[in-house]
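*Asks:* Quick one, fold the following:
(chains A, B, C and D)
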There are 4 protein chains.
Amino acid sequence: MIIVMKPNATPNQISQVLQRIEESGFRAHISRGEERTIIGVIGDERHLDPDQWNVLEGVERTMRVLRPYKLASREFHQENTVIEVGDVRIGGDQIAIMAGPCSVESREQILETARAVKEAGAVILRGGAFKPRTSPYSFQGLGEEGLKLLAEAREETGLLVVTEVMSPDQVPLVAHYADILQIGARNMQNYPLLRAVGEVDKPVLLKRGMSSTIEELLLAAEYILSRGNYNVMLCERGIRTFERATRNTFDINAIPVLKELTHLPVIADPSHGVGLWQHVIPVARGAIAAGADGLLIEVHPDPAKAWSDGAQSLTPENFARLVAEVRRVAEAVGRSVAEPTDAQTATVAA
Amino acid sequence: MIIVMKPNATPNQISQVLQRIEESGFRAHISRGEERTIIGVIGDERHLDPDQWNVLEGVERTMRVLRPYKLASREFHQENTVIEVGDVRIGGDQIAIMAGPCSVESREQILETARAVKEAGAVILRGGAFKPRTSPYSFQGLGEEGLKLLAEAREETGLLVVTEVMSPDQVPLVAHYADILQIGARNMQNYPLLRAVGEVDKPVLLKRGMSSTIEELLLAAEYILSRGNYNVMLCERGIRTFERATRNTFDINAIPVLKELTHLPVIADPSHGVGLWQHVIPVARGAIAAGADGLLIEVHPDPAKAWSDGAQSLTPENFARLVAEVRRVAEAVGRSVAEPTDAQTATVAA
Amino acid sequence: MIIVMKPNATPNQISQVLQRIEESGFRAHISRGEERTIIGVIGDERHLDPDQWNVLEGVERTMRVLRPYKLASREFHQENTVIEVGDVRIGGDQIAIMAGPCSVESREQILETARAVKEAGAVILRGGAFKPRTSPYSFQGLGEEGLKLLAEAREETGLLVVTEVMSPDQVPLVAHYADILQIGARNMQNYPLLRAVGEVDKPVLLKRGMSSTIEELLLAAEYILSRGNYNVMLCERGIRTFERATRNTFDINAIPVLKELTHLPVIADPSHGVGLWQHVIPVARGAIAAGADGLLIEVHPDPAKAWSDGAQSLTPENFARLVAEVRRVAEAVGRSVAEPTDAQTATVAA
Amino acid sequence: MIIVMKPNATPNQISQVLQRIEESGFRAHISRGEERTIIGVIGDERHLDPDQWNVLEGVERTMRVLRPYKLASREFHQENTVIEVGDVRIGGDQIAIMAGPCSVESREQILETARAVKEAGAVILRGGAFKPRTSPYSFQGLGEEGLKLLAEAREETGLLVVTEVMSPDQVPLVAHYADILQIGARNMQNYPLLRAVGEVDKPVLLKRGMSSTIEELLLAAEYILSRGNYNVMLCERGIRTFERATRNTFDINAIPVLKELTHLPVIADPSHGVGLWQHVIPVARGAIAAGADGLLIEVHPDPAKAWSDGAQSLTPENFARLVAEVRRVAEAVGRSVAEPTDAQTATVAA
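*Replies:* Residues are numbered from 1 along each chain as shown, chains lettered A, B, ... in the order given. I've put the predicted structure just below:
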């Protein structure tokens, strides 16, 4: 950490800052410039809170030097983390496509969608059983019944299942049915929930909060990692900006920035990222071209009748087109789209 | 809801929209313009999801006419809601000042702060026992021990206590000790938590999410109200914008806008709203001048040693100055600052 | 400036940075931490561009220590700048109220408005003759004819005139008619225009760009100051955020922050800041309570017939109410509202 | 336009709105819902300003039905506009790559860069002679001398030249030297400048303002088109958001949205869009995968010595890698990268 003193800081104020640094177990390094004195704080600063130093008398401001996360950082772990779920590997050369409806609505709907996305090339089925909805008057999900239907769809198709968990007490239930636990954007900083999924033996898909910085996303991941669950994948799903033509602004920059800062896999959710079905395919292509390790796509057999997110859901036909186009882009950047594994194929054949 | 058809929408597409409206139990009203046909959907649209209609063929877009919340709206309840907590009334002519440290750190710290803010004119003591922190390596609060210390401070000073609850399973515990339950900004859309505090017989202070719109804040309040807890106060605490000179951007506009849209009391938190202690007093004055019903202020006996939020905490002396200045502004807008009640004074005298 | 080297920076990379610093005429100060080497660059860094240093090999990032503006900073000029325009002093104890229509529309409209705002307590008349409009199909202003009508209104009422100038070649014309030149929000970074008004002997009202930071606003002022025109007042007029309930988000924080960073007067424009006439008065009160030195208010004799900005314009009656309410708030913070001067009164009486 | 009346609007208020509609030459269509009356305004609403209607008594709000631009819209002109500059066609099947330094710094620098980018596959040379800089103390460009050096580089390499024009009076000068006139992000709403380039016979590259909506970008284009210059290409260059890890947030969504709304070509500027050289290539690949018609890339022979924007400039080697990678992505989406034309090759050979 670096402490910049005010131009008129007194020798006494400087001494007090130095004394405080030593009391805190750090070493100080003074640099006297023409207009300001600058003090470097030497030691592991991750446990220092710059706020506590800003308020000392004579201090103008403080700046961190180290990034505030450690387990999530590429400095700490240089190789890409590859997460194995069933036979699917996420974060390696292959791109994993996860697809399915926003909400599980009925047995027919989820089974029909599962078959269609499997057919088109998805390896993981998404679908919400517990739904965070802005309005209390909107459909809130089928709950455990939805989880059972997801499990049934897995049984039939061999697809793995990713679904959202919304509170710490739901974690055991959701972990019982799901292969991957999803933390939704609104819960990215729900710390009791992050701690709870950090203690479970299932991979976690952590969605970026709609106005969270990349650093905050990595700190949220750090909560999970620091509890012992190292299988975390990060999901860029669009951020909130002033632009109103789209539901969110898909932050494509976040993909290469995350790949530089962290070893964790990065998944793109262009469905929420743009929020309009007709633009999902180009944004999906863009995400893969920029280096994403996977896609999360909303698909519904009849979007006009979807109970939620119809406007951003693809029909099975359009999803098949997405997979075909993404496959070509993946090859152009030296990767490939993960195919259903033998086990998955066997399940369907059986 | 209004449905705008595309310029080239076919008669058949229009018929299908009309049929869908009737199937959904609404009536339709067609208006044929020079370039577009527009269809009004007549009925209680709060249960309609515009998304579901955007995806019908031939539809260009849909627009809500009614606001999506009801219990929170001033149309539904025209008189200001005045919340009584002990002898304090929030939302009436008097301005309630809540003050105290970001975190409860120790018995000495919370008692010293409680005495100081009582002396200066606060009627409610704030202090966090469960702390949502961006980094897992930061202090996370004293937990139940902190709640006990807050209760002890109430016992001694007669101040009421507001403190944050972070997950549904903590609600009974926090409600046991606190007079007002605070929902933090990061949890504004934590729906299981909103539902849980909606079923408790304690007032709720609901903080606006750092990138939540005013409409989303009112929908979050609607979650609580719709569970039967009508004692909800809304708290503007600054939003996230591109500006970097301050921690957040205090949205002063939200105060008169909320007073127009809702009957619920509006509290201002200038400490988080600007995030720099030297600017808290002017922003507090501004909030009261703009019509806020109360203030939530961070105060610490020694901000330079605070375990969290030191940079935005006032010393007791500066807090006393804030109360004096706010008192004059309150009078200029025809209001007054609530004084400690007899019961509170008696407590201290005793 | 501080240069943070990467953890794996080589001694050779460090040497090259040091050499570059010396070549640039600065001195270097090295601090070796546990994980990183940090280099302080000693000298007047305002002419250094951190970007040029970020790209040197082995550099992780650079941080400015000094603020990049000088003439506008309070460090450079500690006393408040008080701008004298006619008999009005802006930036001292008194609050100057500027009011008038968005656009000059006709002789009757501007004269009627001028009389009304004078009567209510304004000392400066605003009105646009050259209008920057988002759509080419909207009314673009009366041009020089509008300037003449403003001058006529000044002649009759004694009010001073502030009006916008949109391009360098318009500066002599507008300066001929106006007492204060306004730079609109869209032109805050129109550097040829800033340079042009920097060479004129008239005060400038510089509006903050709708997505400009406070630092960028001060740098824009620096362009004008560095050309020799020291009479610059800064205007907070709302910034663009995600919130859609209001036209802009009035950044009340900017008022105390600017008063700390700069000696220049700070004017508030709550009409654009909130964009809805019914909320202009509370936001105006808030701005004055927070320390603004003046107000810029849109007033129209019949807002429903205004050619632009009708939704945020006050009627003369509501403007009179605003002045009365602001007067009480000004007194509560130890200030007063500037009254029409003798010269102004004489003009009207004559 | 649709006018939503307040729930308690009186019959008289409704009559007055209807009368005003007729006076304005439009027809009205009333729809009485259960809670609100809604009035459709039938006619060409582009010349209506919703603001003027919001302030009528009894009106709750108004909503546009038509988009406010016409010449720029795909409804008006369904085929893609293909702009021919020399032998280069922009907006067709081929992707045009424009590259060069942020600023023209010297004869050697611009010639060396021109040769390098030509060699790597660019067809247009970029370079700033007039530079808009946030600080008055930064390098402001070589002015006409820079334009002459660009012309010399064109002479030698056959590359076409795009360069920025900053004020209306510079237009003839810049148009004399340049093949394409660039309007920078800060000037997107500089209306005198837009009008000036609308009257010149050179194509215009219009950059999106850093906090401009897509609709505002199209309205800015409409200013140019409505003056008779139909050769406008739009440039997405990143928007300003809360994210601080990157200089701007490249809005990839804007690419497919613009391709749907307008017939004008869309160019991507990933250099400014992400602002960090090491991430420019992945964002460029993403932009092309999402459908952009061209790229604008900052290249400098020695970024560490660039006078501006060094941090986001590619070396010639990295630029060559960018072109190679983009070429593969272009093919994956059924397009190709424009090759230097015969004329260009001849120039170099000669």
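
*Asks:* So A:Ile38 sits against A:Ser31, correct?
*Replies:* Yes. A:Ile38 is within contact range of A:Ser31, at 4.6 Å (criterion: Cβ atoms under 8 Å). For every residue, glycine as well, the C-beta is placed using N, CA and C.

*Asks:* Mutual contacts of those two, please.
*Replies:* Taking Cβ atoms under 8 Å, 6 or more residues apart in numbering or on different chains as the contact rule, A:Ile38 and A:Ser31 both touch C:Gly40.

*Asks:* Give me the pLDDT for the closest residue to A:Tyr230 other than its chain neighbours.
*Replies:* Counting by Cβ to Cβ, 6 or more residues apart in numbering or on different chains, A:Thr81 is the residue found nearest to A:Tyr230 once chain neighbours are left out, at 6.9 Å. We have a pLDDT of 97 for A:Thr81.

*Asks:* what number of residues lie near A:Thr81?
*Replies:* 18 (other Cβ atoms under 10 Å in any protein chain shown).

*Asks:* which residues sit in contact with it?
*Replies:* Applying Cβ under 8 Å, 6+ apart, the residues near A:Thr81 are A:91, A:230-231, A:263-265.

*Asks:* Recalculate using a threshold of 7 Å.
*Replies:* Contacts for A:Thr81 (Cβ atoms under 7 Å, 6 or more residues apart in numbering or on different chains) come out as A:91, A:230, A:263-265.

*Asks:* And it, which helix or strand is it part of?
*Replies:* In the assignment (DSSP states H and E), A:Thr81 maps to no helix and no strand.

*Asks:* got the phi/psi numbers for it?
*Replies:* phi -80, psi 130 (degrees, to the nearest 10).

*Asks:* How much space separates it from C:Ile39?
*Replies:* Noted for A:Thr81: a distance of 33 Å to C:Ile39, by Cβ to Cβ, to the nearest Å.

*Asks:* give the contact list for A:Gln182.
*Replies:* Contacts of A:Gln182 by Cβ under 7 Å, 6+ apart are A:162-165, A:205, A:207.

*Asks:* Starting from the host helix or strand of it, tell me which strands it pairs with and how they run.
*Replies:* Element membership for A:Gln182, per DSSP H and E: strand A:180-183. Sheet pairing for strand A:180-183, assigned by DSSP bridges, gives strand A:160-164 (parallel), strand A:204-207 (parallel).

*Asks:* Specify the next element, helix or strand, located C-terminal of it.
*Replies:* From strand A:180-183, the next helix or strand downstream (DSSP H and E) is helix A:191-197.

*Asks:* Pick the most deeply packed of the strands paired with strand A:180-183.
*Replies:* strand A:204-207 (a mean of 26; mean count of other Cβ atoms under 10 Å in any protein chain shown).

*Asks:* so A:Leu261 sits right up against A:Lys70, yeah?
*Replies:* No. Assessed by Cβ atoms under 7 Å, A:Leu261 is found out of contact with A:Lys70, at 11.8 Å.

*Asks:* what are the ranges of the helices in chain A?
*Replies:* A:11-23, A:50-54, A:107-120, A:144-157, A:171-177, A:191-197, A:214-225, A:254-261, A:270-274, A:280-289, A:316-332, A:342-349 (DSSP state H).

*Asks:* how about a markdown table for these, with mean pLDDT added?
*Replies:* Shown next, in a markdown table, are the helices of chain A (pLDDT from 0 to 100):
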| stretch | mean pLDDT |
| --- | --- |
| helix A:11-23 | 92 |
| helix A:50-54 | 79 |
| helix A:107-120 | 97 |
| helix A:144-157 | 97 |
| helix A:171-177 | 97 |
| helix A:191-197 | 96 |
| helix A:214-225 | 97 |
| helix A:254-261 | 98 |
| helix A:270-274 | 97 |
| helix A:280-289 | 98 |
| helix A:316-332 | 98 |
| helix A:342-349 | 56 |
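
*Asks:* Throw the ones you listed into CSV and include distance to D:Pro11 and mean neighbour count, thanks.
*Replies:* Shown next, in CSV, are the helices of chain A (distance: least, Cβ to Cβ, whole Å; neighbours: other Cβ atoms under 10 Å in any protein chain shown):
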stretch, distance to D:Pro11, mean neighbour count
helix A:11-23, 72, 14
helix A:50-54, 60, 21
helix A:107-120, 48, 20
helix A:144-157, 50, 19
helix A:171-177, 56, 17
helix A:191-197, 54, 24
helix A:214-225, 54, 25
helix A:254-261, 55, 23
helix A:270-274, 44, 29
helix A:280-289, 47, 30
helix A:316-332, 49, 19
helix A:342-349, 65, 13
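
*Asks:* picking that back up, centre of the chain to the strand holding A:Gln182, how far?
*Replies:* 10 Å (Cα atoms, centre = their mean, to the nearest Å).

*Asks:* what's A:Thr10 in contact with, if anything?
*Replies:* Going by Cβ under 7 Å, 6+ apart, the list of residues near A:Thr10 reads A:Gly58.

*Asks:* Over to it: give its phi and psi.
*Replies:* According to degrees, to the nearest 10, A:Thr10 has phi -90, psi 160.

*Asks:* Give me the distance between it and A:Gln16.
*Replies:* 9 Å.

*Asks:* if we can go back for a sec, please spell out the ChimeraX selection for the buried subset of the contacts of A:Thr81.
*Replies:* Only the buried entries of the contacts of A:Thr81 go into this ChimeraX selection, using 16 or more other Cβ atoms under 10 Å in any protein chain shown:
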select /A:91,230,263,264,265
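
*Asks:* Of the contacts of A:Thr81, which is the nearest to chain B?
*Replies:* Of all the contacts of A:Thr81, A:Tyr230 has the smallest distance to chain B: 14.3 Å, by Cβ to the nearest Cβ.

*Asks:* Cool, thanks, talk later.
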